[in-house]
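Chemist: Predicted coordinates and the sequence they were generated for:
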Amino acid sequence: MMLGMMKILTNKYWQERYEKGDTGWDMGAPSPPLTAYLDQVEDKNKALLIPGAGHGYELEYALSLGFTNITVLDYAEAPLQAIRNRLAQNECFRLVQSDFFDHQDSYDLILEQTFFCALSPSLRNDYVTHMHRLLKSGGKLVGLLFQFPLTESGPPFGGSATEYLERFEPLFSIQTLETCYNSIPPRQGNELFFIFNKK
Ligand SMILES: C[S@@+](CC[C@H](N)C(=O)[O-])C[C@H]1O[C@@H](n2cnc3c(N)ncnc32)[C@H](O)[C@@H]1O
């Protein structure tokens, strides 16, 4: 494996990027494919996890829809503090500062956006198994994965539908994995929307 693929991207690395304002991934708004997905979830009491959430705009969106059990997780302090500054505490959500791989709980629905691609590719299989562990029986992992070649440069690190199928199929049944029709313009054609059901 190439050196960059082994890169360990620490909490400090991400915290410093937030402090410098070097946050090119931050859309300043919830992601349209994720809002469209949340719009059609009927049970608003589902336990929802947003890991590697950054500024977590999907949190406000889910709250506005009436979701009552939302966990936002990130291991950098700065984005969680930004959420605290924006939002009054509310019993419908909690902020967890933790390494994703140390987090233990169980969820009905987990949302992925620019978290998988932010991890060292050497952690991809660990991501799959930990997501599987965090989901309840019948749970779903839903979101966006990039489709552009995986090289040493990143984050974001790329990948392909073929790679994702190989990695996720042993533990998830693949409901949807297709080029996203409602990406924001700069990501058009580069994102796959997926729904993976825990096996
Ligand atoms: C590229 S940013 C994406 C943030 C957000 N999902 C968005 O789309 O704006 C990746 C985020 O994942 C967080 N992160 C990276 N590795 C993590 C880990 N192992 N555990 C928890 N958070 C992590 C970083 O602190 C950062 O906020």
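Modeler: Done, it's in.

Chemist: going forward, measure contacts and count neighbours with C-alpha atoms only.
Modeler: OK.

Chemist: shouldn't residue 198 be in contact with residue 171?
Modeler: Yes: between residue 198 and residue 171 there is a contact under CA atoms under 8 Å: 6.4 Å.

Chemist: Show me the residue at the heart of the chain, geometrically.
Modeler: Geometric centre of the chain, nearest residue: residue 112, 2.6 Å, by CA atoms, centre = their mean.

Chemist: Do I have it right that it meets residue 51?
Modeler: Yes: applying CA under 8 Å, one finds residue 112 in contact with residue 51, separated by 7.1 Å.

Chemist: ok, longest strand in this structure?
Modeler: strand 135-146 (DSSP state E).

Chemist: Now that strand: buried residues?
Modeler: 135, 139, 140, 141, 142, 143, 144, 145, 146 (16 or more other CA atoms under 10 Å).

Chemist: ok, the fourth one - contacts?
Modeler: I take that to be residue 141. By CA atoms under 8 Å, 6 or more residues apart in numbering, the contact set of residue 141 is 109, 110, 111, 112, 131, 135, 195, 196, 197, 198.

Chemist: Now which of those would you call buried?
Modeler: 109, 110, 111, 112, 131, 135, 195, 196, 197, 198.

Chemist: So which bits of this protein are right by the ligand?
Modeler: Applying CA under 6 Å from any ligand atom, we find that the chain lies next to the ligand at 14, 25-26, 52-55, 74-76, 98-100, 113-115, 118-119.

Chemist: Can you flag the buried ones in these?
Modeler: Among the residues of the chain next to the ligand, those scoring as buried are 14, 52-55, 74-76, 98, 100, 113-115, 118-119 (criterion: 16+ other CA under 10 Å).

Chemist: residue ranges of the helices in this structure, please?
Modeler: 11-20, 32-39, 57-65, 77-86, 124-134, 161-168 (DSSP state H).

Chemist: Mind exporting the C-alpha coordinates of the fifth one to CSV?
Modeler: Think helix 124-134. Output of helix 124-134 as CSV, limited to C-alpha atoms (Å, rounded to 0.1, in the frame of the first residue of the first chain):
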residue,chain,number,x,y,z
ARG,A,124,-11.8,1.2,5.3
ASN,A,125,-12.5,-2.4,6.4
ASP,A,126,-12.6,-1.2,10.1
TYR,A,127,-15.1,1.4,9.1
VAL,A,128,-17.4,-1.3,7.5
THR,A,129,-17.2,-3.5,10.5
HIS,A,130,-17.7,-0.7,13.0
MET,A,131,-20.7,0.7,11.1
HIS,A,132,-22.2,-2.8,11.1
ARG,A,133,-21.6,-3.1,14.9
LEU,A,134,-23.2,0.3,15.6
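
Chemist: can you give me the offset of it from its chain's centre?
Modeler: 12 Å (CA atoms, centre = their mean, to the nearest Å).
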